[in-house]
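Q: Curious how this folds, go ahead:
(chains A, B, C, D, E and F)
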There are 4 protein chains.
Amino acid sequence: MALGEEKRPPARGEVEKRGDVENRGDAEKTAERRASVGARRSEATEAAVLGATAALIAEAGYGALTMEAVAKRARAGKATLYRWWPTKAHLLLGLISQAKGSMPPPRGEGLRGELVAYISDMVALWRGDAGPAMGPLIRQCYAESWSNPDLALALQEERRERWTRLTEILNRAVTRGDLPQDLDLARAKDFLMSWPFYLLMTDRLPDAQSIAQMVDDSLGGLHGMK
Amino acid sequence: MALGEEKRPPARGEVEKRGDVENRGDAEKTAERRASVGARRSEATEAAVLGATAALIAEAGYGALTMEAVAKRARAGKATLYRWWPTKAHLLLGLISQAKGSMPPPRGEGLRGELVAYISDMVALWRGDAGPAMGPLIRQCYAESWSNPDLALALQEERRERWTRLTEILNRAVTRGDLPQDLDLARAKDFLMSWPFYLLMTDRLPDAQSIAQMVDDSLGGLHGMK
Amino acid sequence: MALGEEKRPPARGEVEKRGDVENRGDAEKTAERRASVGARRSEATEAAVLGATAALIAEAGYGALTMEAVAKRARAGKATLYRWWPTKAHLLLGLISQAKGSMPPPRGEGLRGELVAYISDMVALWRGDAGPAMGPLIRQCYAESWSNPDLALALQEERRERWTRLTEILNRAVTRGDLPQDLDLARAKDFLMSWPFYLLMTDRLPDAQSIAQMVDDSLGGLHGMK
Amino acid sequence: MALGEEKRPPARGEVEKRGDVENRGDAEKTAERRASVGARRSEATEAAVLGATAALIAEAGYGALTMEAVAKRARAGKATLYRWWPTKAHLLLGLISQAKGSMPPPRGEGLRGELVAYISDMVALWRGDAGPAMGPLIRQCYAESWSNPDLALALQEERRERWTRLTEILNRAVTRGDLPQDLDLARAKDFLMSWPFYLLMTDRLPDAQSIAQMVDDSLGGLHGMK
DNA sequence: AAATAACCGAGACGGTACGTCTGGTCTTTTT
DNA sequence: AAAAAGACCAGACGTACCGTCTCGGTTATTT
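A: Numbers count the residues shown, from 1 in each chain, chains lettered A, B, ... in the order given. Below is the predicted model:
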């Protein structure tokens, strides 16, 4: 779920929220009832819109990403567009969510190896080594989040999800005794991610060797961190 | 000098055109001659424009920063505005340059003390503890730099200047033997600055205690860095 | 129809997309179907725009007739304005077309009486004896037509329509034998209209008595014209 | 003298193009590198300004006639331009006055012959048969005169001067007894000129044969005019 | 089979900002 | 003192998007 999407139109796929807990009497009926009559959201349109978004960004940059242009290219009505993606940032988040599955499975051995692999995978995703580059999209999302608290929350959530693997890496290392038992996990993750993030923001994504160096340097701090 | 400002309008610094090449005899006279006749750039207008820019941002946020509004508020013509500040980012850079002098003098003792003082001063400038907050301005500049190479260069230069004091701190520490002789200064500075920068970009500027912790953690990495 | 207005916006008359090619059987049904769905042109806006145009001209003269001012006064968007009236001349023509119906019915007896009545009516319309003065509007239209071939054509058409009554007057006179059988009607009309037109252009619209004199003088030439 | 020019700066003193006819060698040079400056009005500047005016109109039409462009092309300061020609119409009048001398001497025999010759000469001047076309310039002057009383007066004066020859033709005809003794000269002139003027305004300047027909038709009215 | 409800495309609408251009005025330097 | 050069304020120009809306037409459920 992204960006308070549940507040706007009816619901979509999910039906029950809170009150449904009491209505246990007709449970099976609830499950099969649609939220409403009428046509459902068109999946073809959703695909067309996200495709148009990606194409516009790829062809002419973020500056050419106009709600108007997306609607026209996707052959979608502007009302439809605004109904489901009220902001350009929603479009970007949609793209990012699409790409989320493409992160490769964890790999690497030992704390250092796992960290290097993780950061390399992330940088590859940002740089677009296999598929469209996510870096510029993420940057734009952050820029819009500065004036859009909803988006800021969504990005925080996004960060949390994306760092699941990092959390696991660190937890394993603590368990193994490679890192202090009383390590402040949140700060550790910020510390580890801040350098790659900084390079993303200044448009200087590192190569493989630099990533290894970065991990080494950061580990120096990490070992003493509480 | 920021942002290729010298490329656009007339000339300003240069004097010779065609015939002046022969007049090498009176070089020092040439130096004091104006490039051309005609009125000079109005300093009052420059001040009014930057003032209007600051006021608009302070009152209604960056979203309200419109070239149109700046011109109206500064009682300046739009042509004048565009002549000297062809982009909103130019206005922001103008403000940032104005604020550059307000950094307090270096203080703190020892490597750790100096770093804590330096980062604290910078965060205070970003947060606006004494004057207008520079943080949001800087963020916006970065956002625009992603689609404006000129601005990206200008920001790089800006970073370099702002980090003069940091360079001195590190150099002293190396001289004292507090840090390795073969320290890679550029990477060290990036490493040190990335965390505060990351917090700026995610709008979570740290308090005094957190800054001390950050410095401690980073120093752990720094000591082993080559 | 004025000024190629039909050429601009999308399509309007065409219906077929893909599958419609087969449905050629119901041609007359096609005729009444709208070309595309979507909101139609707002008549209220049209009235507001023409009203604003008239008001601005009346209050401050043609010099104050700014597309910007019309839009603001009519509370219409500039895009709307430009969509339907791409030129100031289009606005003027709109006003003139509005006023076209206000010409009184033919009157007068005999060739001379009819001509005097016709020219008097026209001059009254120009001078604004009953309603807004059309003269200045027409003059401005001509001025713009010099650099706008579309407008020139529209004015020619406008002239043709306005002269229908004059054509009838002359035709009746020829039939009665009051004028030569082989009269060149086109030249005769030009000849008759040139004097009032000239006075309009030099801002010296004639009074009733002068009109009678003009008609008498012109008739002298008309009787011998072939 | 035209257009209240005497109210503003000194006077002028009539410039007259002294020997420019001989100096054809450096004609274009005059435009680009003048002796410039000095405490007196420069005749070279006046020539350059009018030349630039004519060139701009010839090359890109009246729409491209900008005070700014004239100044730049004539290498004159805008202040200078405004001082001597406060309106575009002043520039046009300047051009028209320049061309005034180029009317050929009277010719033709008898009232009809003289009239045909006179109108033909005028139409030739308008159409630009020998030199630049004056017709469009005159039209623009009239258009501006509708919102500029000064210019309207100047044009009236202009008309009066230009019609001197016409007055003489008519006077001779009256003396000879070819026209009524009590002919209203002013109305007669208006009557004669209105048709050509009308054709000028509707951009349909007549050929030689049409002119003869026009004169014949008009004479029909003229003979009975009092 | 109807009625109903939500979806969809197209696009007109009122607005607002854009970046450019011109109009006039004023300032500075040169002659 | 007049001329060039040109910076200045003011504001209209025509374009592009914004986000809202209205219009017909299309599915799907509910009655």
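
Q: Tell me where chain A is predicted with low confidence.
A: A:1-36, A:226 (pLDDT under 70).

Q: would you list every one of the helices in it?
A: A:27-32, A:43-60, A:67-74, A:78-84, A:88-100, A:110-127, A:135-145, A:149-162, A:164-176, A:185-201, A:208-224 (DSSP state H).

Q: Run through the residues of chain A sitting next to DNA strand E.
A: Contact residues, chain A versus DNA strand E (Cβ under 7 Å from any atom of the strand): A:9-10, A:36-42, A:45, A:48, A:74-80, A:83-84. To be clear about C-beta, it is placed using only N, CA and C from the backbone, and glycine gets the same treatment.

Q: Right, and chain C sits closest to which residue of chain A?
A: A:Gly77 (9.2 Å; Cβ to the nearest Cβ).

Q: how's chain A carved up into domains?
A: Following automatic domain parsing, chain A resolves into domains at A:43-86, A:103-224.

Q: quick one: is the last one near DNA strand F?
A: Meaning domain A:103-224. No. Using Cβ under 7 Å from any atom of the strand, domain A:103-224 never reaches DNA strand F; the gap is at least 10.3 Å.

Q: And for the shortest one?
A: Yes. Under the criterion of Cβ under 7 Å from any atom of the strand, DNA strand F is reached by domain A:43-86 at A:Ala64, A:Thr66, A:Met67, A:Glu68, A:Ala69, A:Gly77, A:Lys78, A:Ala79, A:Tyr82, A:Pro86.

Q: how long is that domain end to end?
A: Using Cα to Cα, to the nearest Å, one end of domain A:43-86 lies 17 Å from the other.

Q: Around chain B, which positions in chain A sit nearby?
A: Contact residues, chain A versus chain B (Cβ under 8 Å from any Cβ of the partner chain): A:61-63, A:136, A:139-140, A:142-143, A:145-147, A:152, A:187, A:190-191, A:193-195, A:197-199, A:201-203, A:213-214, A:216-225.

Q: Going through those, which ones are buried?
A: A:62, A:136, A:139-140, A:142-143, A:145-146, A:152, A:187, A:190-191, A:193-195, A:197-199, A:201-202, A:213-214, A:216-223, A:225 (16 or more other Cβ atoms under 10 Å in any protein chain shown).

Q: winner for burial among the domains of chain A?
A: With neighbours taken as mean count of other Cβ atoms under 10 Å in any protein chain shown, the domains of chain A reach their highest mean count in domain A:103-224, at a mean of 17.

Q: That one: end-to-end distance?
A: 30 Å.

Q: Check whether A:Asp121 really touches A:Pro105, as I assumed.
A: No. Counting by Cβ atoms under 8 Å, A:Asp121 sits too far from A:Pro105 to count as a contact (9.3 Å).

Q: Could you give the number of residues near the residue in chain A that DNA strand E sits nearest to?
A: Among the residues of chain A, A:Gly38 lies nearest to DNA strand E; the distance is 2.3 Å by Cβ to the nearest atom of the strand. A count of neighbours around A:Gly38, defined by other Cβ atoms under 10 Å in any protein chain shown, yields 7.

Q: Quick check: it vs A:Thr80, distance?
A: 14 Å (Cβ to Cβ, to the nearest Å).

Q: again, but for A:Ala69
A: From A:Ala69 to A:Thr80 the distance is 15 Å (Cβ to Cβ).

Q: Equivalent analysis for A:Arg112, please.
A: Where A:Thr80 is concerned, A:Arg112 sits at a distance of 49 Å (Cβ to Cβ).

Q: tell me the contacts of A:Leu155?
A: By Cβ atoms under 8 Å, 6 or more residues apart in numbering or on different chains, the residues touching A:Leu155 are A:Cys141, A:Tyr142, A:Ser145.

Q: same deal with A:Trp163?
A: So A:Trp163 contacts A:Lys189, A:Met193 (Cβ under 8 Å, 6+ apart).

Q: tell me the phi and psi of A:Arg41?
A: phi -60, psi 140 (degrees, to the nearest 10).

Q: my guess is it contacts A:Trp85, does it?
A: No. Counting by Cβ under 8 Å, A:Arg41 stays clear of A:Trp85, with 12.0 Å between them.
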